[in-house]
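**Q** Structure for the following, please:
(chains A and B)
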2 protein chains.
Amino acid sequence: MLMPPQVGELPAQPHYLKIYHFYREHILLGTMPIGAKLPSIRALALHLGVSRNPVEEAYAHLVAEGYIVNKPKSGYWVASIPQLPSGLSPQSEEGTKATPITDSGRSGEHEVVVDFAYDRIRSGSFPIALWKKLTQHTLREAGPELFEYGDRKGELQLRRCIQAYVRQHRGVVCDSQQIIVTSGTQQSALMIGLLLRSDRRPLGAEAAMHPGLHRILEQQLQHGLVPVPLDEDGISCEALERLNTLYALCGVYVTPSHQFPYGSILPASKRARLLQWASDSGAWIIEDDYDSEFIYDGQPLPALQGMDRHGRVIYMGTFSKALAPALRLSYLVLPPELLARYEEEFRDYDGTASRVIQVTMARFMAEGLLDRHIRKMRSVYSLNRKRLLDAVACYMKGKANVSGAGSGLHARLSVQSLGLPTEELVKRGRLAGVGIRAVTDFHHAPAATSATFCEPQGEVEFVIGYGGLSGAQIEEGIRKLAEVWGM
Amino acid sequence: MLMPPQVGELPAQPHYLKIYHFYREHILLGTMPIGAKLPSIRALALHLGVSRNPVEEAYAHLVAEGYIVNKPKSGYWVASIPQLPSGLSPQSEEGTKATPITDSGRSGEHEVVVDFAYDRIRSGSFPIALWKKLTQHTLREAGPELFEYGDRKGELQLRRCIQAYVRQHRGVVCDSQQIIVTSGTQQSALMIGLLLRSDRRPLGAEAAMHPGLHRILEQQLQHGLVPVPLDEDGISCEALERLNTLYALCGVYVTPSHQFPYGSILPASKRARLLQWASDSGAWIIEDDYDSEFIYDGQPLPALQGMDRHGRVIYMGTFSKALAPALRLSYLVLPPELLARYEEEFRDYDGTASRVIQVTMARFMAEGLLDRHIRKMRSVYSLNRKRLLDAVACYMKGKANVSGAGSGLHARLSVQSLGLPTEELVKRGRLAGVGIRAVTDFHHAPAATSATFCEPQGEVEFVIGYGGLSGAQIEEGIRKLAEVWGM
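**A** Numbers count the residues shown, from 1 in each chain, chains lettered A, B, ... in the order given. Here you go, the predicted structure:
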């Protein structure tokens, strides 16, 4: 039986990846033919002198990608898999169209073929036929009143569906009256900015964040934003408390489920401390839960909103990641105090989301189709993420690593110093048809406080969005980057 | 054949209304059964000793409300209509839902049956079947990319249709690149507020205006709004120029086609003066052209934007009045200087209008269906307006008059002093099931400058929105008001 060499003998890689690559390579080379048996988990762990965990993990990845099968009470066997050209997976046709890389000749113009954009989803998986059917249903049943102005909070039937959804999936506890449907997360941020404007105090915000949301909040709040430094595991509570004594913050904007852009998940202890801080200082926590539908490792932590006993959390959710950005549907859950402020201050405002789309979305949710779609996409994205991790390990040979990939549709790629400035790395990627953005693009701290971020000296970090790509594109993109970066 | 008595024998009412009421009553009583023939227009005019006009008009109203049908080359026949309770027309189901007036017993709660709301349209006339067909078409043709983020300015195909539309109907001259599609006029105002924010100067605005837009502009502009007094024919250019020397305004918000709420149409001489002012002082003119599709008297004046030779006009248009507010589609035309600012400052912003709806709207316009719908609605609203004018003349007996009804979907009702405060008049209306708002609700000038408005002493003025009502509802509403106001 083919056994990998002792783990110490291979270049530094996580144990499970070494095991994974060893078997994958032998399977792809044919040195482990279809039907060959793998060693048992116990035997291999013993042989390698490691715990069972990395072996279990490697086998899980091999199973997920179809290289091996697990026959209960029998063991793991090499699966009957189709021939894979140049390491590309059969998944590519489902993703964004993979145009061949063309060096177009016109100077300065290079087509980006693999764009690691942070805001893409796998639009090819959008259930067009179902959506069309439900839209027809909505229009068939529509009375003329559906074409008048609607409830400015959004259609009640949709708000009820959202209430049940966030309760079940995110532990968010609220009444449908607390939910406001908006035409996108930026609209949600705008509304929050307007609601907090009368506080006349600055808002704390993670020192690296989405540029559009940063701009909107900064514009709407009369006293702007105060960047709060980030630790490796998310916002620094210590820094927040210190800044609060200086600035008397009205609240703080956080992305606890999946920090944007760093990708960290805020641990439970920090969550409790954040809530305590908000309750003690009468501050608001703006919880942007933009991609928490997609958790790959273990159980998701529930939303801060559900842990909050003092009505201090404003919860932001969206269907842009879970279903499609083009629907332009997001939502807010307001705590009672801000709801009262909303009812007073927003009485002259119209809603911004299309009513036909709201009603169709409600039906989509009520029929369980959203849950089904998310389950499907979770496994699609989970494979993408594995492919990213594999590709980085494989092509970047220990000179880069991925973190923040435990959930959501983007991760952080940390690259060891290659003696090249960040802009040069980005440019070389673009010339090779690979779009990539440096994490520093999302920093909002003044230059003087660059100690605000958690990068180790000499590393360059990138945001890798993998939601809109196929596994093959991800692998090809990472391979190209490694090549043009001379890794 | 049933013929009304000679017109002289009835109490003072326009001829056509006497004829209309005569036949409506007989139809409702059943004394003219379904299928009965009405006299020809010529014969009835001859019989009554009047011109053909009032007879034609009476028949048009009866047709519009579904009491009779016109069979070409055959004549007018009583239609097959359901039994109608309490004098409400069968069209009421097309307009705002006509719930019977219920004096609910709970003190202070009275259902509004006829709501003269300024922002309603005749949603029952929305072409649901056509819209459904086009939506199906959009979804059938849609590739997966239609569910990703779109162009933040809006779909190019829609912007091209808007470009042709505003050119043809409003004389607006622009490139499709200057057009930004938004999810409602409030979103347009928000964007303008953000664009002008860097000017750090206050904006002049008509001293009476839409409350939501006022609030948004005031919130977005760092130096707020300066109310500019109104003359009987729209904004006072003299006052604007004087205020400009005091405040150095960055621009002015105007509703030249149909002042909201007063209803006046800005004359050509004032338009030229306004443009001259903007060009001389480097100020912007925000032209809100929200309901200019509906002009009843003569030719519409073209938009200020088309007269502007110096790129000072920001044009705001919407489909909320022309088609339906529930689509959440409006648009902006930016002058080149602001377009450059937009490209720079809005690069992180997402669009807010649903892409499926945008594409469907583009098709609706390209197939000429919007023009057709507007033509149809113009004649529906024109009948409504006539009904309003006549009902006021008939029931309010010279103690009130209507102005500002030359275009759009609302007019101004000026009531002679009845010795009652405005709030009492509003309250009596509400108790009788009639919703009405005083013009003063829309005033935004500080109390000290009440000379800012053009009301004659002792008169009370109301905004009468008639877009969402049927002719019968309008008449009933005015009749009730006259009754409870003791006219």
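**Q** Now the residue in the stretch 151-300 of chain A that chain B sits nearest to: phi and psi?
**A** Using C-beta to the nearest C-beta, the single residue of the stretch 151-300 of chain A nearest to chain B is residue A:212, 3.8 Å away. Where C-beta positions appear, they are placed from N, C-alpha and C, glycine not excepted. Per-residue torsions, residue A:212: phi -70, psi -40 (degrees, to the nearest 10).
**Q** I'd like to know how many residues surround it.
**A** Counted with other C-beta atoms under 10 Å in any protein chain shown, the neighbours of residue A:212 add up to 19.
**Q** List the contacts of it.
**A** Applying C-beta atoms under 8 Å, 6 or more residues apart in numbering or on different chains, we find residue A:212 in contact with A:186, B:348, B:349, B:350.
**Q** nearest to residue B:432, of those?
**A** residue A:186 (44.6 Å; C-beta to C-beta).
**Q** Distance check, the closest one against residue B:156.
**A** Counting by C-beta to C-beta, to the nearest Å, the gap from residue A:186 to residue B:156 is 21 Å.
**Q** Tell me which of the two has more neighbours.
**A** Taking other C-beta under 10 Å, residue A:186 and residue B:156 do not tie; residue A:186 has more neighbours (22 against 15).
**Q** so the more buried one makes contact with residue A:211?
**A** No. Shown here, residue A:186 and residue A:211 do not form a contact pair, counting by C-beta atoms under 8 Å, at 10.6 Å.
**Q** Quick one: the helices in the stretch 351-487 of chain A, in order.
**A** A:355-366, A:369-395, A:422-431, A:471-484 (DSSP state H, counting those that start in this stretch).
**Q** which stretch among those helices comes nearest residue B:426?
**A** That would be helix A:355-366 among the helices of the stretch 351-487 of chain A, by C-beta to C-beta, at 29.6 Å.
**Q** How about the residues of the stretch 51-200 of chain A by chain B?
**A** With C-beta under 8 Å from any C-beta of the partner chain as the criterion, the stretch 51-200 of chain A meets chain B at residues A:119-121, A:123-126, A:128, A:131-132, A:135-136, A:139-140, A:142, A:144-150, A:183-184, A:186-187, A:190, A:194, A:197.
**Q** Tell me which of those residues fall in strands.
**A** Judged by DSSP state E, strands contain none of those.
**Q** Which among those residues count as buried?
**A** Buried subset of these (neighbour count, 16 or more other C-beta atoms under 10 Å in any protein chain shown): A:119-121, A:123-126, A:128, A:131-132, A:135, A:139, A:142, A:144, A:146-150, A:183-184, A:186-187, A:190, A:194.
**Q** For stretch A:317-326, list the C-alpha coordinates in CSV.
**A** C-alpha atoms of stretch A:317-326 as CSV (Å, rounded to 0.1, in the frame of the first residue of the first chain):
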residue,chain,number,x,y,z
GLY,A,317,-28.1,41.7,5.8
THR,A,318,-28.2,41.4,2.0
PHE,A,319,-29.4,39.1,-0.8
SER,A,320,-26.5,40.3,-3.0
LYS,A,321,-24.2,37.4,-2.0
ALA,A,322,-26.8,34.8,-1.1
LEU,A,323,-28.8,35.2,-4.4
ALA,A,324,-27.8,38.0,-6.8
PRO,A,325,-26.7,41.6,-6.5
ALA,A,326,-28.8,42.6,-9.5
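**Q** Need the contact partners of it.
**A** A:119, A:121, A:123, A:126, A:162, A:166, A:170, A:172, A:184-185, A:188, A:289-291, A:293-294, A:327, A:329-333, A:361, A:364, A:370, A:373-374, A:377, A:408-409, A:467, B:146-150, B:350, B:354-356.
**Q** Out of the residues you listed, list just those in helices.
**A** When these are checked against helices (DSSP state H), the matches are A:162, A:166, A:170, A:185, A:188, A:361, A:364, A:370, A:373-374, A:377, B:355-356.
**Q** Report pLDDT for residue A:118.
**A** You'll see residue A:118 listed with a pLDDT of 89.
**Q** Hmm, I typed the wrong one, I wanted residue A:21.
**A** At residue A:21, the pLDDT recorded in the model is 78.
**Q** Using the three-state scheme, assign it.
**A** helix (DSSP: H, G, I helix; E, B strand; the rest coil).
**Q** surely it meets residue A:397?
**A** No. Residue A:21 is not in contact with residue A:397 according to C-beta under 8 Å; the separation is 11.8 Å.
**Q** Of those two, which one has the most company?
**A** Counting neighbours by other C-beta under 10 Å for residue A:21 and for residue A:397 shows that residue A:21 has the greater number, 18 against 13.
**Q** separation between the residue nearest to the more buried one when sequence neighbours are not counted and residue B:32?
**A** Closest residue to residue A:21 apart from its sequence neighbours, by C-beta to C-beta, 6 or more residues apart in numbering or on different chains: residue A:394 at 6.9 Å. According to C-beta to C-beta, residue A:394 and residue B:32 sit 87 Å apart.
**Q** swap in residue A:362?
**A** According to C-beta to C-beta, residue A:362 and residue B:32 sit 46 Å apart.
**Q** shaky segments in the stretch 1-150 of chain A?
**A** Along the stretch 1-150 of chain A, segments meeting pLDDT under 70 span A:6-14, A:61, A:64-65, A:81-110.
**Q** That one: helices as residue ranges?
**A** A:15-29, A:41-48, A:52-64, A:128-141.
**Q** Can you convert the ones you listed into TSV and add a column each for distance to residue B:53?
**A** Formatted as TSV, those follow (distance: least, C-beta to C-beta, whole Å):
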stretch	distance to residue B:53
helix A:15-29	88
helix A:41-48	95
helix A:52-64	80
helix A:128-141	41
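**Q** Restrict stretch A:330-337 to CA atoms and write it as CSV.
**A** Output of stretch A:330-337 as CSV, limited to C-alpha atoms (Å, rounded to 0.1, in the frame of the first residue of the first chain):
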residue,chain,number,x,y,z
SER,A,330,-30.8,44.2,1.2
TYR,A,331,-32.3,44.7,4.7
LEU,A,332,-31.7,46.3,8.1
VAL,A,333,-32.9,45.2,11.5
LEU,A,334,-33.3,48.3,13.7
PRO,A,335,-33.3,48.2,17.5
PRO,A,336,-36.4,49.6,19.1
GLU,A,337,-34.9,53.0,19.9
